[in-house]
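Visitor: Sequence first, predicted model second:
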Amino acid sequence: DSGVTQTPKHLITATGQRVTLRCSPRSGDLSVYWYQQSLDQGLQFLIQYYNGEERAKGNILERFSAQQFPDLHSELNLSSLELGDSALYFCASSPQSAGQETQYFGPGTRLLVL
Amino acid sequence: KNEVEQSPQNLTAQEGEFITINCSYSVGISALHWLQQHPGGGIVSLFMLSSGKKKHGRLIATINIQEKHSSLHITASHPRDSAVYICAVNVGSFQGGKLIFGQGTELSVKP
């Protein structure tokens, strides 16, 4: 158990809908990262938040947005869902925002868009 | 060409064999990570390296910064080592903790 929690574990929804994925980092960790893992693209970095502020951005679609709240939990919002958004979404956390830190991964949310 | 390349993509071994998985990268990095993903999907961090070598149990990871290459070795492999092993790099300390991933190596260890 990494100490990172994600909810829900599974999500099935329809095209055009909007969903929210939630992540609680390990106690004391200030950074939260979001990753998408799809069969054709593998693991891809989406976005990082550090202590409430966006720190780094990857290949995140405009239909996707994220935020980190004062209690450090984070939410990833996916809207106007398409079939291709079906994937496993991981969040990870680390103590700071340095380039040399172990990241602790949550169990993931499996999203299926029908 | 991917910035992080792993080889082999698939590997089948007999229990007890010595296993090596390779990772090459083409970008400047501040650290390299080896991750393990089990069939259930969960990801566990095995090692983070910025130089030299690290050992944990039967696992050894090495990195050669000049050659932009890292290897993950598993000694005395066991069926429970069956998983996907993923190499990932931090692309510089000023870009936070962003990771770029290799495509993974699927390892199957037969009893």
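Guide: That came through fine. Residues are numbered from 1 along each chain as shown, chains lettered A, B, ... in the order given.

Visitor: only C-alpha atoms for contact and neighbour calcs from this point on.
Guide: Noted.

Visitor: quick one: contacts for the most centrally placed residue in chain A?
Guide: Residue closest to the mean C-alpha point of chain A, counted by Cα atoms, centre = their mean, is A:Trp34 at 3.1 Å. Residues in contact with A:Trp34, defined by Cα atoms under 8 Å, 6 or more residues apart in numbering or on different chains, are A:45-48, A:76, A:89-92.

Visitor: beta partners of it?
Guide: In this structure, A:Trp34 bridges to A:Ile47, A:Cys91 when assessed by DSSP bridges.

Visitor: for B:His73, same thing?
Guide: B:Thr20, B:Ile60.

Visitor: Contacts only, for it.
Guide: For B:His73, the residues meeting the contact criterion (Cα under 8 Å, 6+ apart) are B:18-21, B:59-61.

Visitor: how near is it to A:Leu61?
Guide: Counting by Cα to Cα, to the nearest Å, the separation of B:His73 from A:Leu61 is 37 Å.

Visitor: How about B:Ala31, nearest residue that isn't a chain neighbour?
Guide: B:Ser50 (4.5 Å; Cα to Cα, 6 or more residues apart in numbering or on different chains).

Visitor: how many neighbours does that neighbour have?
Guide: The number of residues packed near B:Ser50 is 18, by other Cα atoms under 10 Å in any protein chain shown.

Visitor: tell me the contacts of it?
Guide: A:100, B:30-32, B:63, B:65.

Visitor: try B:Gln37
Guide: With contacts defined as Cα under 8 Å, 6+ apart, B:Gln37 is in contact with B:43-44, B:83-86.

Visitor: Out of these, which are close to chain A?
Guide: B:43-44 (Cα under 8 Å from any Cα of the partner chain).

Visitor: Dump the contacts of B:Gln37 into TSV; add secondary structure and pLDDT as well.
Guide: Supplementary listing: the contacts of B:Gln37 in TSV, determined by DSSP: H, G, I helix; E, B strand; the rest coil; pLDDT from 0 to 100:
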residue	secondary structure	pLDDT
B:Ile43	strand	94
B:Val44	strand	94
B:Ala83	strand	97
B:Val84	strand	96
B:Tyr85	strand	98
B:Ile86	strand	97
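
Visitor: Of the contacts of B:Gln37, which is the nearest to B:Lys98?
Guide: Distance to B:Lys98, by Cα to Cα, is smallest for B:Ile86 among the contacts of B:Gln37, at 15.1 Å.

Visitor: Skipping adjacent residues, who's closest to the closest one in space?
Guide: Closest residue in space to B:Ile86, ignoring its immediate chain neighbours: B:Gly104 at 4.4 Å, by Cα to Cα, 6+ apart.

Visitor: Not counting sequence-adjacent ones, nearest residue to B:Lys110?
Guide: Setting aside the residues directly before and after it, B:Lys110 is nearest to B:Gln14 in space (Cα to Cα, 6+ apart), at 4.9 Å.

Visitor: My understanding was that that neighbour contacts B:Asp81; is that so?
Guide: No. Under the criterion of Cα atoms under 8 Å, B:Gln14 is not in contact with B:Asp81, lying 11.2 Å apart.

Visitor: list the residues that contact both of the two?
Guide: B:Val109.

Visitor: The helix or strand bottoming out on mean pLDDT in chain A: which residues count as buried?
Guide: The helix or strand of chain A with the poorest confidence is strand A:53-57; it has a mean of 90 (mean pLDDT, DSSP states H and E). Under the neighbour-count criterion of 16 or more other Cα atoms under 10 Å in any protein chain shown, strand A:53-57 has A:54-57 buried.
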